[in-house]
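Engineer: What follows is a predicted protein model with its sequence.
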Amino acid sequence: MPKIIADARGRILASARCTLLQQGYTQLSLRAIARDCNIAVGTIYNYFNNKESLIASVMLEDWLEARKTMEQACESAQTAADGVAAVYTALDGFAGIYRQVWRQFLHAGGSTDVVAGRHGLLRGQIEACLAALLQRFGHSKDAALCPILAELILSLVQQTDLGEADLRRLTNRLFGAAE
């Protein structure tokens, strides 16, 4: 009869997150996670297909929190610029946690197709948040700008010389608020 392991998935995720953020992508191994959780490596495969799916699940938890923050900020924003800036800030916080992990993933030969696919998913979710924000402020006709604005925010998060203030200026120009 199989051994019942209390909250195995949660323990695996917690160990993986700690290892990922403290030691990096290249140092995370399923064997080390199994050892840390006092389980067999095969138990990890009951929950995750491979190292990449485990890491994606770790990141997903933080992404869902960032997305929730974005949505709440957009719902309570006083202006469209405030909402767009809040989306940027939440995304920047999320990216700040994982920038080094993403670099290590690509340096270790990780698939750029995986990165591109995830990028598309993130952009789509950011677009939806921005569309709701623009509708809230009477700019429904400008919803066609949401994919571009979402891509711009994703790009700005990777820049060091541009940021929230630049995004606010652009948003105010686009949507008619005073600077």
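Structural biologist: Yep, that arrived.

Engineer: so who does the residue nearest to Q27 when sequence neighbours are not counted touch?
Structural biologist: Residue nearest to Q27 in three dimensions, not counting chain neighbours: T19, with 6.7 Å by C-beta to C-beta, 6 or more residues apart in numbering. (Each C-beta comes from the backbone N, C-alpha and C, glycine too.) T19 makes contacts with Q27, L28, A32, I33, D36, as judged by C-beta atoms under 8 Å, 6 or more residues apart in numbering.

Engineer: Now do T19 against Q78, distance only.
Structural biologist: Distance, T19 to Q78, using C-beta to C-beta, to the nearest Å: 41 Å.

Engineer: re earlier: narrow the contacts of T19 to those that are buried.
Structural biologist: L28, I33 (16 or more other C-beta atoms under 10 Å).

Engineer: Check pLDDT for the contacts of T19 and point me to the minimum.
Structural biologist: Among these, Q27 carries the weakest pLDDT, at 92.

Engineer: sec struct for it, please.
Structural biologist: Under DSSP: H, G, I helix; E, B strand; the rest coil, the three-state class of Q27 is coil.

Engineer: show me the contacts for the closest residue to H139 other than its chain neighbours.
Structural biologist: What sits nearest to H139 in space, not counting adjacent residues and going by C-beta to C-beta, 6+ apart, is F175, at 5.7 Å. By C-beta under 8 Å, 6+ apart, the contact list for F175 reads A80, A81, L134, F137, H139, D142.

Engineer: Is the third one in contact with A128, as I believe?
Structural biologist: The one in question is L134. No: using C-beta atoms under 8 Å, L134 makes no contact with A128, being 11.0 Å away.

Engineer: This completes my enquiry, with thanks.
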